[in-house]
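K.L.:
sequence first, predicted model second:
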Protein chains: 2
Amino acid sequence: MADQIILLAHGAGGMKSAELLQDVFLPEFGNSTLAQLGDAAVIEHPGGKVAFTTDSFVIDPIEFPGGNIGKLAICGTVNDLAAAGATPLAISAAFILEEGLPYDVLRRIVAAMARTAEMAGVPIVTGDTKVVPRGSADKIFINTTGIGSLPTDRPLPAPDRATPGDAIILSGTIADHGMAIMTSREGLVFPSAIESDCAPLAQMVAAVMAAVPDIHCMRDPTRGGLAAVLNELAGQSKVGMEVVDADIPVNADVRVACELLGIDPLHVANEGKMVLIVPAESADAALAALQSHPLGKNASIIGQVTDKPVGRVHLRTALGSLRILDIPAGDILPRIC
Amino acid sequence: MADQIILLAHGAGGMKSAELLQDVFLPEFGNSTLAQLGDAAVIEHPGGKVAFTTDSFVIDPIEFPGGNIGKLAICGTVNDLAAAGATPLAISAAFILEEGLPYDVLRRIVAAMARTAEMAGVPIVTGDTKVVPRGSADKIFINTTGIGSLPTDRPLPAPDRATPGDAIILSGTIADHGMAIMTSREGLVFPSAIESDCAPLAQMVAAVMAAVPDIHCMRDPTRGGLAAVLNELAGQSKVGMEVVDADIPVNADVRVACELLGIDPLHVANEGKMVLIVPAESADAALAALQSHPLGKNASIIGQVTDKPVGRVHLRTALGSLRILDIPAGDILPRIC
């Protein structure tokens, strides 16, 4: 243990990340709020409940088809608040800049943040800027932290509320973000460029919350992809899940790129999608609400929650057989967000 | 403009930092909350008011006499909340780790964060960890963002509330943090090691707030030091200030180190001090409350607010003459916090 070092996999959202959390962070920071490990913490204070979430963005490249690190940072935090069932109230933005970063690049990134925040209806209210010497960081890292107000008159989605019989709904195609980054890094060219799905989902989620009184779980499938989210929810809810591969939407170019690179699209990061788990009787209403929003037009019911095997996710393949859908073991794509 | 690049001075808290803010961030993010430029934003929501503040820490070295980057990160955010008059409710912690960071170093940093948060009475409730390849960051960067509850039954301190006649109070010695970092970087050895003053001030500030019904301004003098804070408050309040050099406490070793390195202690960063501006009639009560707390035992009234010259700070020297106290022009000490 004494000669252990941090590996890329410790930040990849898979098993090594979980180890680091269990081994270093939880024992020291342990408290009931942190231990829930939602994408956002719920803070009770005398005036009500607020959701609170943080993310640092270290993506490479910093500009990519469909967005840049600034747009990504706002989307990531807005979507974590939305997944908690919160209405975004305010976002902070903290920049670590490498000396020598062109001013124009920073301007484009900041402009994208402003546009995206406006689209999501949330102000950027406080910030911080640090500059480190050349070679001490890679161009630009951004932290965004968000607070949102939580409704007090309805049950909130939580990772331990999936119940056998619930429907599992996905708001659109998967793997676009991760494959946009991967193909732009590798210099692969496809008939049409693969674009990141990077988008703020607050308004789409608000439409579903208006239509469905009790959403059991919501989670945006970022690092580790759909597979990681489903496994986490199955584990925390102590249920099984069965999803149907043919019902999971994947864009054709993305599927080809995944096959070429030997990557399972279910393990790839998304930045503009939401996984929702709702009671079976609310499934049609949730789907209709999603499909009524431009960002949810490809929404699909992809499976259901089962009573067993507890903590496991089964995937029904095109051939009709069932296979276990595992979480990504190692280090799929470093610096994907 | 097109070939401009980011310089170290853009992150040093002086004039270049102000330029970047005016030139890039405010035009894009501009909103009334951000434009107030306090250390913490005040968010109104249906249930009440919360303060919201963010900082990224990129200090070099990451372990130093009197603390490490983890302790520093918690202190910085706790102190920004305290300066806003808020009671810290919750802190988020986001880590950017360089591949290869020893696990043991991370453990020490995380342990210091936990201890410091406990001392300040605030839980760490949510977090994020990213790992970047060797050479893409320098060991570890930490972002801490905090929310605090604000009292609604009393006026809040604000940077534009200094009023002629007010007393200017400093909670203890200055320049300890910056000189601890500087001397440990330069390998200078003094009879007794200079230690950072890094400390969470929430409880000390709570004692003053209990004793003084209306604190006009509070600010912790970090980057840019006491000189930067006084100039900012004078500028935003549209008042002058006169402070007495002989009344500003500086530890003897720190003074020697500053002289050796040709640095003005008034320009050096602190991480465990507070500047308070209070009505003259509350000055003695504020001083007594500060001195009753271990972290405020060296508190001192260092000057007063004047009606002119507007936006300027005068320093009365040991010889009795007045000189203008300017803000640091360039890049004093990069990566000091």
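P.N.:
Perfect, I can see it now.

K.L.:
number of nearby residues for residue A:165?
P.N.:
Residue A:165 is flanked by 13 other residues according to other C-beta atoms under 10 Å in any protein chain shown. The way it works is simple: take the backbone N, C-alpha and C, and place the C-beta from them, glycine included.

K.L.:
who's in contact with it?
P.N.:
A:279-280, A:304-305 (C-beta atoms under 8 Å, 6 or more residues apart in numbering or on different chains).

K.L.:
select only the buried ones of those residues in ChimeraX?
P.N.:
Selecting the buried subset of these in ChimeraX, with 16 or more other C-beta atoms under 10 Å in any protein chain shown as the burial test, is done by:
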select /A:279,304,305
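
K.L.:
where does the stretch 1-150 of chain A have low pLDDT?
P.N.:
By pLDDT under 70, the low-scoring segments of the stretch 1-150 of chain A are A:1-3, A:37-38, A:46-47.

K.L.:
could you pull out the strands for it?
P.N.:
A:41-45, A:48-57, A:63-64, A:67-68, A:87-98, A:124-132, A:140-149 (DSSP state E, counting those that start in this stretch).

K.L.:
could you list the buried residues of the longest helix belonging to chain A?
P.N.:
Taking DSSP state H as the criterion, chain A has its longest helix at helix A:103-120. For helix A:103-120, a neighbour-count test (16+ other C-beta under 10 Å) marks A:103, A:105-107, A:109-114, A:116-117, A:119-120 as buried.

K.L.:
ok, stretch A:148-166 next?
P.N.:
A:148-150, A:156-159, A:161-162, A:166.

K.L.:
equivalent analysis for stretch A:172-191, please.
P.N.:
Quick answer for stretch A:172-191 (16+ other C-beta under 10 Å): A:172-184.

K.L.:
average pLDDT for that stretch?
P.N.:
Across stretch A:172-191, the average pLDDT comes to 87.

K.L.:
need the CA coordinates for that stretch. CSV is fine.
P.N.:
Provided in CSV are the C-alpha atoms of stretch A:172-191 (Å, rounded to 0.1, in the frame of the first residue of the first chain):
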residue,chain,number,x,y,z
GLY,A,172,-32.0,9.4,-26.6
THR,A,173,-29.0,8.0,-28.4
ILE,A,174,-25.9,6.9,-26.5
ALA,A,175,-22.1,7.2,-26.9
ASP,A,176,-22.1,10.3,-29.1
HIS,A,177,-20.0,12.4,-26.7
GLY,A,178,-17.3,9.8,-26.0
MET,A,179,-17.0,8.8,-29.7
ALA,A,180,-16.9,12.4,-30.8
ILE,A,181,-13.9,12.9,-28.5
MET,A,182,-12.3,9.6,-29.4
THR,A,183,-12.6,10.0,-33.1
SER,A,184,-11.3,13.6,-33.0
ARG,A,185,-8.3,12.4,-31.0
GLU,A,186,-7.6,9.6,-33.3
GLY,A,187,-8.1,11.7,-36.4
LEU,A,188,-10.7,9.2,-37.7
VAL,A,189,-13.0,10.6,-40.4
PHE,A,190,-16.5,9.4,-41.0
PRO,A,191,-18.9,10.3,-43.7
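
K.L.:
any idea which residue of the stretch 201-337 of chain A lies closest to chain B?
P.N.:
residue A:335 (6.2 Å; C-beta to the nearest C-beta).

K.L.:
ok, now which ones touch that residue?
P.N.:
Listed by C-beta under 8 Å, 6+ apart, the contact set of residue A:335 reads A:58-60, B:130, B:132-133, B:136.

K.L.:
tell me the two of the residues you listed that are most distant?
P.N.:
Pairwise distances across the contacts of residue A:335 peak at 13.0 Å for A:59 and B:133 (criterion: C-beta to C-beta).

K.L.:
what's the domain layout of chain A?
P.N.:
With domains defined by automatic domain parsing, chain A comprises A:40-149, A:167-324.

K.L.:
turn those domains into a markdown table, including distance to residue B:271.
P.N.:
Converted to a markdown table, these look like this (distance: least, C-beta to C-beta, whole Å):
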| stretch | distance to residue B:271 |
| --- | --- |
| domain A:40-149 | 15 |
| domain A:167-324 | 33 |
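
K.L.:
winner for burial among the ones you listed?
P.N.:
When these are scored by mean count of other C-beta atoms under 10 Å in any protein chain shown, the highest mean neighbour count falls to domain A:40-149 (a mean of 23).

K.L.:
that one: end-to-end distance?
P.N.:
End-to-end distance of domain A:40-149 (C-alpha to C-alpha, to the nearest Å): 12 Å.

K.L.:
could you pull up the residues touching whatever residue of the stretch 51-200 of chain A ends up closest to chain B?
P.N.:
Closest contact between the stretch 51-200 of chain A and chain B, by C-beta to the nearest C-beta, is at residue A:131 (3.0 Å). Taking C-beta under 8 Å, 6+ apart, we find residue A:131 in contact with A:96-99, B:6-12, B:334.

K.L.:
what about 10 Å?
P.N.:
A:95-101, A:137, B:6-12, B:16-17, B:20, B:58, B:331, B:334-335 (C-beta atoms under 10 Å, 6 or more residues apart in numbering or on different chains).

K.L.:
same question for residue A:153.
P.N.:
Per C-beta under 10 Å, 6+ apart, neighbours of residue A:153: residue A:213.

K.L.:
that one belongs to a helix, doesn't it?
P.N.:
No - counting by DSSP: H, G, I helix; E, B strand; the rest coil, residue A:153 falls outside a helix, being coil.

K.L.:
now do the phi/psi pair for it.
P.N.:
Backbone torsions for residue A:153, taken as degrees, to the nearest 10, come to phi -100, psi 10.

K.L.:
what do you get for the one 3 residues further on?
P.N.:
Residue A:156 adopts backbone torsions of phi -100, psi 150, taken as degrees, to the nearest 10.

K.L.:
quick one: it and residue A:51 touch, right?
P.N.:
Yes - using C-beta atoms under 10 Å, residue A:156 makes contact with residue A:51 at a distance of 8.7 Å.

K.L.:
the residue nearest to residue A:141 when sequence neighbours are not counted and residue B:335, how far apart?
P.N.:
Nearest residue to residue A:141, sequence neighbours excluded (C-beta to C-beta, 6 or more residues apart in numbering or on different chains): residue A:96, at 4.3 Å. Between residue A:96 and residue B:335 the distance is 11 Å, computed by C-beta to C-beta, to the nearest Å.

K.L.:
which neighbours do these two have in common?
P.N.:
A:130-132, A:136, B:11, B:57-58.

K.L.:
what's the closest of the residues you listed to residue B:66?
P.N.:
Nearest to residue B:66 among the shared contacts of residue A:96 and residue B:335: residue B:57, at 14.8 Å, using C-beta to C-beta.

K.L.:
I'd guessed the closest one sits against residue B:72; true?
P.N.:
Yes - assessed by C-beta under 10 Å, residue B:57 is found in contact with residue B:72 at 5.7 Å.

K.L.:
need the overlap of contacts for those two.
P.N.:
B:142, B:144, B:336-337.

K.L.:
can you add distance to chain A and give those residues back as a markdown table?
P.N.:
Formatted as a markdown table, those follow (distance: C-beta to the nearest C-beta, whole Å):
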| residue | distance to chain A |
| --- | --- |
| B:142 | 9 |
| B:144 | 9 |
| B:336 | 10 |
| B:337 | 8 |
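
K.L.:
the stretch 151-300 of chain A: helices as residue ranges?
P.N.:
Using DSSP state H, counting those that start in this stretch, the helices found in the stretch 151-300 of chain A span residues A:176-186, A:202-211, A:225-237, A:252-261, A:283-291.
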